[in-house]
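Chemist: quick check, what structure comes out for this input:
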Amino acid sequence: MASDTSTEPSPLFGARMAGALWLTVILVSVVAIIGGISLDLTGDPGTMAANALASASKIRLAFVLFFFGKICYLGVTVLLYELLKPLNKSVAVFGAFCGLAGLLSGGAGHFNLLTALSLLEESRRATEPVASQLQGAAKILLGTAPRFGGEDVWFGFQLLSIGYLIARSYFIPRAIGVLLVLGGSSFLVTSFTNFVSPALGDRLAPLLLPLVLLGEGSLALWLLFRGVNVEQWRLAIARSSASKPAARS
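Modeler: Have a look, this model is predicted:
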């Protein structure tokens with residue numbers, strides 16, 4: 001016997017909040033990338049240090065923007081898990097953990113960038129050979145600066161999970177789920193290609209990553225302005241509740 005879901009709280013607020021946060025993440029990321037910095041790590045440590053210190057304000061601003069964006073994305077991950085778990089809790093958990101892993105992976109790279117800047121600033125006040133040692137350590141940390149790679153693999157699997165669940169749902173248009181699956185696949189293709197051949201990965205990124213933006217943007221705007229079909233969402237909860245006794249028997 002299906003449980004009564006009429007007392008379930010409406011998911012509309014959570015859905016619209018997820019859309020607003022995801023749209024914020026997209027906008028912040030675009031601003032951070034457009035205003036970002038590109039450091040040449042091939043020169044000697046002294047030249048690299050001078051270039052990095054000249055861009056110190058941009059590095060710190062980019063860190064603040066990405067950090068704020070990651071906090072917003074953490075909210076997106078939690079809210080989407082709550083919204084999609086009636087469809088398949090295991091897949092929803094997998095997607096949420098992939099999102100968390102991506103945040104941790106990318107966050108480590110951004111903290112390394114800020115730490116490298118602090119080492120370079122300290123090297124200006126230090127004497128040799130300590131200054132050179134600090135610059136060498138900073139160069140190593142700058143080499144771990146975020147780019148397409150590990151964190152995007154996690155986000156790719158998260159998008160695949162979210163897209164799969166939405167494509168099976170009736171409370172969000174299934175076409176959005178298909179776009180997210182394509183976007184997640186694009187993330188994975190770009191990331192794994194970058195592992196094998198960074199040059200090829202850089203060429204593929206402009207061709208494939210617009211699919212990511214299309215899928216994420218479509219879901220963010222839909223959730224923000226349309227929310228979800230509350231009746232169909234409650235029916236999904238009822239079906240999930242009805243299947244639990246059968247699964248235990």
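
Chemist: past the one helix or strand S132 maps to, which element shows up next along the chain?
Modeler: Assigned by DSSP states H and E, S132 falls within helix 130-142. On the C-terminal side of helix 130-142, the closest following helix or strand by DSSP H and E is helix 150-167.

Chemist: export that following helix to PDB, keeping only CA atoms.
Modeler: Extracted in PDB, the C-alpha atoms of helix 150-167 (Å, rounded to 0.1, in the frame of the first residue of the first chain):
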ATOM      1  CA  GLY A 150      41.100  15.000 -11.700                       C
ATOM      2  CA  GLU A 151      38.300  17.200 -10.400                       C
ATOM      3  CA  ASP A 152      36.500  17.200 -13.700                       C
ATOM      4  CA  VAL A 153      36.400  13.400 -13.800                       C
ATOM      5  CA  TRP A 154      34.400  13.500 -10.600                       C
ATOM      6  CA  PHE A 155      32.100  16.300 -11.800                       C
ATOM      7  CA  GLY A 156      31.600  14.400 -15.100                       C
ATOM      8  CA  PHE A 157      30.400  11.300 -13.200                       C
ATOM      9  CA  GLN A 158      28.200  13.500 -11.100                       C
ATOM     10  CA  LEU A 159      26.600  15.100 -14.200                       C
ATOM     11  CA  LEU A 160      26.100  11.600 -15.600                       C
ATOM     12  CA  SER A 161      24.300  10.500 -12.500                       C
ATOM     13  CA  ILE A 162      22.100  13.600 -12.300                       C
ATOM     14  CA  GLY A 163      21.300  13.400 -16.000                       C
ATOM     15  CA  TYR A 164      20.400   9.700 -15.700                       C
ATOM     16  CA  LEU A 165      18.000  10.300 -12.900                       C
ATOM     17  CA  ILE A 166      16.300  13.300 -14.500                       C
ATOM     18  CA  ALA A 167      16.000  11.400 -17.800                       C
END
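
Chemist: next SSE after that helix?
Modeler: Remark: after helix 150-167, the chain's next helix or strand is helix 174-196, criterion DSSP H and E.

Chemist: what does that following helix rub up against?
Modeler: Identification of contacts with helix 174-196 by CB atoms under 8 Å, 6 or more residues apart in numbering yields 147-150, 152-153, 155-169, 200-202, 204-205, 208-209, 211-216, 218-219, 222. Quick note: C-beta positions are derived from backbone N, CA and C, even for glycine.

Chemist: now, of these, which are buried?
Modeler: The neighbour-count test (16 or more other CB atoms under 10 Å) marks 148-150, 152-153, 155-167, 169, 201, 204-205, 208-209, 211-212, 214-216, 218-219, 222 as buried among the contacts of helix 174-196.

Chemist: circling back: so for the helix holding S132, what's the average pLDDT?
Modeler: Averaged over helix 130-142, pLDDT sits at 73.

Chemist: next, the buried residues of that helix.
Modeler: Buried residues in helix 130-142, defined by neighbour count with 16+ other CB under 10 Å: 131-132, 134-135, 137-139, 141-142.

Chemist: before we move on, what SS does E216 have?
Modeler: Three-state assignment for E216 (DSSP: H, G, I helix; E, B strand; the rest coil): helix.

Chemist: show the contacting residues for it.
Modeler: Counting by CB under 8 Å, 6+ apart, E216 touches 22, 26, 159, 180, 183.
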